[in-house]
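Student: Structure for the following, please:
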Amino acid sequence: MKTHEISSGNVFADLGFADSEQELVKAKLTAQIYKLLSERCMTQGAAAKLLGTTQPQVSALMRCRPTSISVGRLMEFLTLLGQDVQVTVKPAPRRKAAGGAGRLSVVVQA
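Tutor: Have a look, this model is predicted:
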């Protein structure tokens, strides 16, 4: 008999990553960059030139492994790809504020 776990909605938290929220944010941003670059059928070299980065970094993005790329840089890439990126800062709900930390999230609109 197979058993399974119900996901928390964040695979990185489920796997025990220390910065699971940041990893999920990076994954969502990277997935959107991957989608946009794939739709344009660009070579990695052309994409690197457009994004002002290197071909190896684009290769890492296309393999969904942006380990050495910051969230800020990923957001920059999205603006260079013609996307509006909006960051909203708001107080955490009281239940979270008592614990001290807020949370990170990304919503991608079509």
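Student: Look through this structure and tell me its longest helix.
Tutor: helix 20-40 (DSSP state H).
Student: So for it, mean pLDDT?
Tutor: Model confidence over helix 20-40, given as mean pLDDT, is 90.
Student: Give me the neighbour count for A46.
Tutor: 14 (other C-beta atoms under 10 Å). For every residue, glycine as well, the C-beta is placed using N, CA and C.
Student: so whichever strand or helix holds it versus helix 20-40, what angle?
Tutor: Assigned by DSSP states H and E, A46 falls within helix 44-51. Inter-element angle recorded for helix 44-51 and helix 20-40: 110 degrees (by axes from the mean of the first three to the mean of the last three C-alpha atoms, to 10 degrees).
Student: on that earlier part again, CA atoms only for the longest helix of the chain, dumped as CSV, please.
Tutor: Extracted in CSV, the C-alpha atoms of helix 20-40 (Å, rounded to 0.1, in the frame of the first residue of the first chain):
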residue,chain,number,x,y,z
SER,A,20,11.5,27.8,1.1
GLU,A,21,9.4,30.9,0.4
GLN,A,22,12.3,32.6,-1.4
GLU,A,23,13.0,29.4,-3.4
LEU,A,24,9.3,29.2,-4.4
VAL,A,25,9.4,32.9,-5.5
LYS,A,26,12.5,32.2,-7.6
ALA,A,27,10.9,29.1,-9.2
LYS,A,28,7.7,31.0,-10.2
LEU,A,29,9.7,33.9,-11.6
THR,A,30,12.0,31.5,-13.5
ALA,A,31,9.1,29.6,-14.9
GLN,A,32,7.7,32.8,-16.3
ILE,A,33,11.0,33.8,-17.8
TYR,A,34,11.3,30.3,-19.3
LYS,A,35,7.8,30.6,-20.8
LEU,A,36,8.6,34.0,-22.4
LEU,A,37,11.9,33.0,-23.8
SER,A,38,10.5,29.8,-25.2
GLU,A,39,7.6,31.7,-26.9
ARG,A,40,10.2,33.9,-28.6
